[in-house]
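**Q** Whatever this is, show me its structure:
(one chain, ligands or ions: 1)
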Amino acid sequence: MNIEFNRPYSKLFKTKNRNIYEFSINDDNIDHVTVDSFGDEWQAFHGFEEKEIQNLGDEYFDIVTQEMLNKSTTVLEVGCGSGRFLKYLINKAGFIVGVDPSHAVFASDNLLGKAENVMLVKASANDLPFENESFDFVYSIGVLHHIPDTYKAMKACVDKVKKGGYFFTYLYYNLDNRGFLFRSIFNASATLRKGVSKLPGKPKRLVCDILAIGLYMPFVGLSRLLKSIGIKESIRKKIPLHGYENKSFYIIRNDSLDRFGTPLEQRFTMKEIREMMEKAGLEDIIFSNNIPYWHAVGKKK
Ligand SMILES: C[S@@+](CC[C@H](N)C(=O)[O-])C[C@H]1O[C@@H](n2cnc3c(N)ncnc32)[C@H](O)[C@@H]1O
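**A** Numbering: from 1, shown residues only. The predicted structure follows:
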């Protein structure tokens with residue numbers, strides 16, 4: 001399948017796997033400190049196991065049907081990071097383009113190896129080098145909340161979807177389906193993030209590893225213990241970080257760095273996300289009731 005750029009690229013990297021196209025970034029809706037922090041993060045975390053990627057992909061794409069995404073679909077991922085979701089989709093989609101403004105695109109290249117139906121592009125959400133309405137399916141997982149104007153970035157992504165195509169996203173939830181205790185624990189961790197995210201690379205990774213052990217693992221351990229003695233999921237769901245019950249320590253370390261190491265993050269209620277998606281030109285919006293909250297898909301009008 002042939003995906004064309006709408007302008008010339010500024011740099012071409014030839015790796016052992018493929019060409020990676022870099023576009024000069026002419027986008028004021030980007031937080032460069034956050035992007036650099038992600039570049040470092042994905043260089044550190046890119047060794048995902050096949051099974052882990054399958055499980056993770058199944059969780060996120062639970063609301064995506066065959067009709068929305070199949071072997072004849074052209075797909076764009078905005079903010080592909082390590083490329084784990086590109087990898088999840090290579091055998092499910094026709095052709096996929098992964099875009100990220102950070103040097104994480106090289107981590108994606110490594111993870112994807114010689115897969116032929118993937119193209120990698122170094123560019124940003126509000127300056128995507130494609131004509132509008134070029135893709136059947138566009139998605140962005142855990143990205144738009146790290147961009148200063150989340151709606152503007154979402155609109156730029158939706159603009160690239162063909163009429164009748166789909167846009168899927170995951171945005172950090174604003175704890176709108178949680179109780180007081182859960183919110184209080186979470187708000188305390190937000191204060192911690194403000195300090196940790198300012199640290200330079202190595203100390204930041206170390207502190208986040210310590211948090212993975214000291215903060216994530218006690219909750220994850222409790223959730224696993226309750227599971228082992230037969231306590232129902234509906235009860236275990238109330239435990240903070242229950243979603244990590246079936247995740248490896250590697251993913252937990254990665255997410256700890258993601259959660260505490262990122263300078264800019266925003267949170268949205270389901271209602272706010274629905275409003276942004278509608279305003280961006282989507283209809284028939286479906287939210288998953290499952291973790292991670294919130295992930296949703298909508299059809300381009
Ligand atoms: C939490 S990571 C998610 C990566 C991937 N989607 C995943 O879940 O594995 C966020 C990614 O968004 C990228 N990003 C940050 N600002 C961006 C922007 N303005 N445009 C596109 N991507 C951006 C970062 O470089 C980073 O790789």
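
**Q** close enough to count as contact, residue 26 and residue 127?
**A** Yes: look at residue 26 against residue 127 with Cβ atoms under 8 Å: they come within range, at 5.3 Å. All C-beta spots, glycine's among them, are computed from the backbone N, C-alpha and C.

**Q** Just want to know which of those two has more residues nearby.
**A** When neighbours are counted by other Cβ atoms under 10 Å, residue 26 and residue 127 differ, and residue 127 comes out ahead with 18 against 11.

**Q** any idea how far residue 195 lies from the ligand?
**A** Remark: distance between residue 195 and the ligand (Cβ to the nearest ligand atom, to the nearest Å) = 20 Å.

**Q** Can you give me the neighbour number for that residue?
**A** As a burial measure, the neighbour count of residue 195 was computed by other Cβ under 10 Å and equals 10.

**Q** Contacts only, for it.
**A** Contacts of residue 195 were listed using Cβ atoms under 8 Å, 6 or more residues apart in numbering, and none were found.

**Q** secondary structure class for the residue of the stretch 151-300 of the chain found nearest the ligand?
**A** Nearest residue of the stretch 151-300 of the chain to the ligand (Cβ to the nearest ligand atom) works out as residue 258 at 5.1 Å. At residue 258, secondary structure determined by DSSP: H, G, I helix; E, B strand; the rest coil is helix.

**Q** That one and residue 176: what is the separation?
**A** Look at residue 258 and residue 176: by Cβ to Cβ, to the nearest Å, they are 21 Å apart.

**Q** same question, residue 94
**A** Residue 94 is 36 Å from residue 176, by Cβ to Cβ.

**Q** Find residues that contact each of residue 26 and residue 127.
**A** Common contacts of residue 26 and residue 127, defined by Cβ under 8 Å, 6+ apart, are absent altogether.

**Q** Domain-wise, how is the protein divided?
**A** Residue ranges for the domains of the chain, per automatic domain parsing: 11-173+267-300, 180-261.

**Q** So which bits of this structure are right by the ligand?
**A** Contact residues, the chain versus the ligand (Cβ under 6 Å from any ligand atom): 30, 34-35, 38, 42, 78-82, 84-85, 100-102, 104, 124-125, 141-143, 146-147, 258.

**Q** Quick one: name whatever helix or strand follows the longest strand anywhere in the chain.
**A** The strand that spans the most residues within the chain, counting by DSSP state E, is strand 161-170. Note on strand 161-170: by DSSP states H and E, the next helix or strand toward the C-terminus is helix 180-196.

**Q** Buried residues, that next one. List them.
**A** With burial defined by 16 or more other Cβ atoms under 10 Å, the residues of helix 180-196 counted as buried are 193, 196.

**Q** Give the next helix or strand downstream of that helix.
**A** Following the chain from helix 180-196 toward its C-terminal end, the next helix or strand by DSSP H and E is helix 201-211.

**Q** Would you tell me what the next helix or strand after that following helix is?
**A** helix 217-228.
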